[in-house]
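> Build me a structure from this.
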Amino acid sequence: WIFRGIPTLVLAFVSYFYLPDFPETASFLMEDERQLLMARLKHDAGAASATEFKEFKDGFIDWKIYLHMVVYICGSTPLYSLSLFLPSIVSGMGFTSLTAQLMSSPPCAIACAFTILVSLHADQKKERGFHIALWMFIGMIGYLLLIVLRHHGSTALYILAIITTTGVFANIPSMLLWFTNNIGGHTKRAVASALIIFFGNIGGALGGQIYRANDGPYY
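Numbering: from 1, shown residues only. All right, here's what the predicted structure looks like:
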């Protein structure tokens, strides 16, 4: 597990030097692109108004926000459980502990690539809901096939683990952007974002209890 964390540390250093802090310092932007982006940011920031308390209250009473909480919990539970227990799942396919640790990296790497591609495609099409539902469905089908085909050998199970991991991971960025794009008012958006992410991370607690030792080797 120590070695699996090395790419994250390396990427952190690369990101520090590569990612720009502000549009003013982004060297890859043309001057007209820079001015347009700064104007958009200024427009998006808006101005403070007397309706902020109403927006604060609306953040608690809008039923759609609570529905987003449920959706996010449903997405974060398999996300956290796979992140924690994928090596154990791969080990249950018949691989040794060290091999299972190594073989749990490719599914996450492939899922990372698809997560970026799905997010870019959602941005291009200006659509979130279908992208979320499709990849959650793919993850669900992957889980189902892991159960149905559990006696068909480690290769088939490993491929299905890749499909499942990709489906589970790929929908999360679109899910986070979905509610922030659709909640009007800066105060309401801030309240709703805090509520959805706070309660949605209950999935982390649930995910830690899904795969139990007595459920092995197939979990």
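
> Can you get me the start-to-end distance on stretch 88-95?
One end of stretch 88-95 to the other measures 10 Å (CA to CA, to the nearest Å).

> How about stretch 34-53?
First-to-last distance for stretch 34-53 - CA to CA - comes to 34 Å.

> shaky segments in this structure?
1-4, 44-51, 216-219 (pLDDT under 70).

> Would you mind listing the buried residues in the lengthiest helix in it?
Longest helix of the chain, by residue count under DSSP state H: helix 63-91. By 16 or more other CB atoms under 10 Å, the buried positions in helix 63-91 come out as 65, 68-69, 71-73, 75-82, 85-91. Where you see a C-beta, it was placed from the backbone N, CA and C, and this is true even at glycine.

> next one: stretch 117-132
In stretch 117-132, counting by 16+ other CB under 10 Å, buried: Val118, Ser119, Ala122, Arg128, His131, Ile132.

> try stretch 89-106
So, applying 16+ other CB under 10 Å, buried residues of stretch 89-106: Ile89, Val90, Ser91, Gly92, Met93, Phe95, Ala100, Gln101, Met103, Ser104.

> and the gap between the fourth one and Asp62?
From Gly92 across to Asp62, the span is 43 Å (CB to CB, to the nearest Å).

> Output the buried residues of stretch 117-132 as JSON lines; include the columns secondary structure and distance to Gly203.
Output for the buried residues of stretch 117-132, formatted as JSON lines (DSSP: H, G, I helix; E, B strand; the rest coil; distance: CB to CB, whole Å):
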{"residue": "Val118", "secondary structure": "helix", "distance to Gly203": "19"}
{"residue": "Ser119", "secondary structure": "helix", "distance to Gly203": "20"}
{"residue": "Ala122", "secondary structure": "helix", "distance to Gly203": "21"}
{"residue": "Arg128", "secondary structure": "coil", "distance to Gly203": "19"}
{"residue": "His131", "secondary structure": "helix", "distance to Gly203": "19"}
{"residue": "Ile132", "secondary structure": "helix", "distance to Gly203": "15"}
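
> closest to Ile159 among those?
Each of the buried residues of stretch 117-132 was scored against Ile159 by CB to CB, and Val118 proved nearest at 19.5 Å.

> What is the neighbour count of the closest residue to that closest one other than its chain neighbours?
Nearest non-adjacent residue to Val118, counting by CB to CB, 6 or more residues apart in numbering: Ala170, 4.5 Å away. Residues contacting Ala170 under the criterion other CB atoms under 10 Å number 27.

> looking at it, Ala170 is touching Ala111, isn't it?
Yes: when contacts are counted by CB atoms under 8 Å, Ala170 is listed as touching Ala111 (6.5 Å).

> Need the overlap of contacts for the two.
Here Ala170 and Ala111 have no joint contacts, going by CB atoms under 8 Å, 6 or more residues apart in numbering.
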